[in-house]
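S.K.: model this:
(one chain, ligands or ions: 1)
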Amino acid sequence: MSGAVLLTGGAGYIGSHTCLVLLEAGHDVVVVDDLSNASEESLRRVAELTGRPVAFHQVDLRDTEALDAVVAEHPIESVVHFAGLKAVGESVEQPLRYYDVNVGGTVSLLDVLQRRGIRRLVFSSSATVYGEPETVPIDEAAPVGATNPYGRTKLVIEQILADVAVADPAWHMVALRYFNPVGAHPSGRIGEDPRGIPNNLMPFVMQVAVGRRDELVVFGDDYPTPDGTCVRDYIHVMDLAEGHRAALDRLDDLPGYRPVNLGTGSGSTVLEVVAAASRAVGRRLPRRVGDRRAGDVVASFADPSRAQQVLGWQAGRGLDEMCADAWRWQSNNPQGYATP
Ligand code: UFG
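M.R.: Sure thing, here's the model as predicted:
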């Protein structure tokens, strides 16, 4: 492997796990991250776990000249673009900020890559682009249509990538549409460390387990599902990270632009997740049922067959392993990366 892989947002949750997997696979890695929702400590731990250095630059992607200087300094061959804001509720309140950071950051990145002759990109997209699906499992031909500004930034970016790939056929681009990433590296050294009150189920459950929050509120139990709670496709972050490695390794065979789902293909309800987390933690976790959360879709899980065909990848880890690894991370690092 001659060139390096540039990871934008590489200090974040999915970025840091992907960084580790790529280093272990022999790739050289360069990380840019503005640290607005990440800690450099994650990269120190990745270096410690892999025994390999991680080149890091604190850069906001919208600073095109600073980004260009980073790309000029390293022999970048391909890019995995994770960087972006991702809180649904915040995006409703601050839509311009979301379009500026997510879309503006991507345009700036593509500008630099065009200038520097780099034409290989893997993009962090989301199953949120499917909105409320008409049917499950969801394949990549399903209609798209996001229900909030965050989701729309992902859709706009996917459209930009598709347009750029048409304009210049030298591009090789894959948009990975993640379902619900959870869990942590099995060492318990790196994991998910959200700032403030977690929006997502697993980090909230883990903060209840470690005593940072009193109880989980289950957002509605009157949905048309087996136990009345919503169904999602939870995927272990290490499986997800390996999906990125597979995408990079296959990118030469994938000209143009294509979206690929990364999910397990099976759905779990909120109560099934809470039961699995309780098994991992070894006690019943306090919870109560509250109102539905506005905008939640009833059921979302992937048809992962394109990932198998195109990337030669499939998820292998189950819900109990996801919870055991999330709990090892959270119990060893009750305050996340700020744990003394
Ligand atoms: N949930 C609770 N209580 C909580 C948090 C979540 O009951 O405190 C429930 C939700 O109602 C939902 C399930 O747990 O049924 C999963 O919720 P998450 O927020 O973890 O995941 P979502 O599938 O709702 O969110 C994901 C991504 C977002 C994306 C969104 C679009 O995390 O990035 O899909 O729907 F925008």
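
S.K.: What are the boundaries of the helices in the protein?
M.R.: Along the chain, the segments classed as helices by DSSP state H run 13-24, 40-50, 64-73, 88-93, 95-98, 105-116, 149-167, 201-209, 237-250, 270-281, 305-306, 319-332.

S.K.: tell me the most buried of these?
M.R.: Of all these, helix 13-24 has the most neighbours on average by mean count of other C-beta atoms under 10 Å, namely a mean of 25. (C-beta placed from N, C-alpha, C; glycine too.)

S.K.: At the contact with the ligand, which residues of this structure appear?
M.R.: Contact residues, the chain versus the ligand (C-beta under 6 Å from any ligand atom): 86, 88, 126, 128, 150-151, 180, 199-201, 204, 216-219, 230, 232, 270, 293, 296-297.

S.K.: are any of those residues buried, and which?
M.R.: Buried subset of the residues of the chain next to the ligand (neighbour count, 16 or more other C-beta atoms under 10 Å): 86, 88, 126, 128, 150-151, 180, 200-201, 204, 216, 218-219, 230, 232, 270, 296-297.

S.K.: Could you give the bridge partners of the spatially closest residue to L35 that is not a sequence neighbour?
M.R.: Distance criterion C-beta to C-beta, 6 or more residues apart in numbering; nearest residue to L35, sequence neighbours excluded, is Q58 at 5.8 Å. Counting by DSSP bridges, Q58 is bridged to D33.

S.K.: that older thread, mind checking which of the residues of the chain next to the ligand land in strands?
M.R.: Under the assignment DSSP state E, those contribute S126, N180, L216, V217, V218, F219, R232 to strands.

S.K.: closest to H17 among those?
M.R.: Nearest to H17 among these, counting by C-beta to C-beta, is N180 at 14.7 Å.

S.K.: and the closest one, what does it touch?
M.R.: Shown in contact with N180 (C-beta atoms under 8 Å, 6 or more residues apart in numbering): A127, N200, L201, M202, R232, D233, Y234, I235.

S.K.: ok, residues contacting the least confident helix or strand in the chain by mean pLDDT?
M.R.: Ranked by mean pLDDT, DSSP states H and E, the weakest helix or strand in the chain is helix 88-93, scoring a mean of 96. Identification of contacts with helix 88-93 by C-beta under 8 Å, 6+ apart yields L85, Y98, T128, N148, P149, Y150, G151, T153, N199, G295.

S.K.: Put together TSV for the ones in strands among the residues of the chain next to the ligand, with pLDDT on each row.
M.R.: What follows is these, written out as TSV (pLDDT from 0 to 100):
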residue	pLDDT
S126	98
N180	98
L216	98
V217	98
V218	98
F219	98
R232	98
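
S.K.: I'd like those residues written out as a markdown table, with distance to T18 added.
M.R.: Shown next, in a markdown table, are those (distance: C-beta to C-beta, whole Å):
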| residue | distance to T18 |
| --- | --- |
| S126 | 15 |
| N180 | 17 |
| L216 | 28 |
| V217 | 31 |
| V218 | 31 |
| F219 | 29 |
| R232 | 21 |
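
S.K.: about what we covered before: now tabulate the helices of the chain in a markdown table and tack on distance to V289.
M.R.: Below are the helices of the chain laid out as a markdown table (distance: least, C-beta to C-beta, whole Å):
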| stretch | distance to V289 |
| --- | --- |
| helix 13-24 | 28 |
| helix 40-50 | 34 |
| helix 64-73 | 46 |
| helix 88-93 | 20 |
| helix 95-98 | 31 |
| helix 105-116 | 39 |
| helix 149-167 | 26 |
| helix 201-209 | 14 |
| helix 237-250 | 28 |
| helix 270-281 | 9 |
| helix 305-306 | 35 |
| helix 319-332 | 20 |
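
S.K.: To T225, which of those lies closest?
M.R.: Counting by C-beta to C-beta, T225 lies closest to helix 270-281 out of the helices of the chain; the figure is 9.2 Å.
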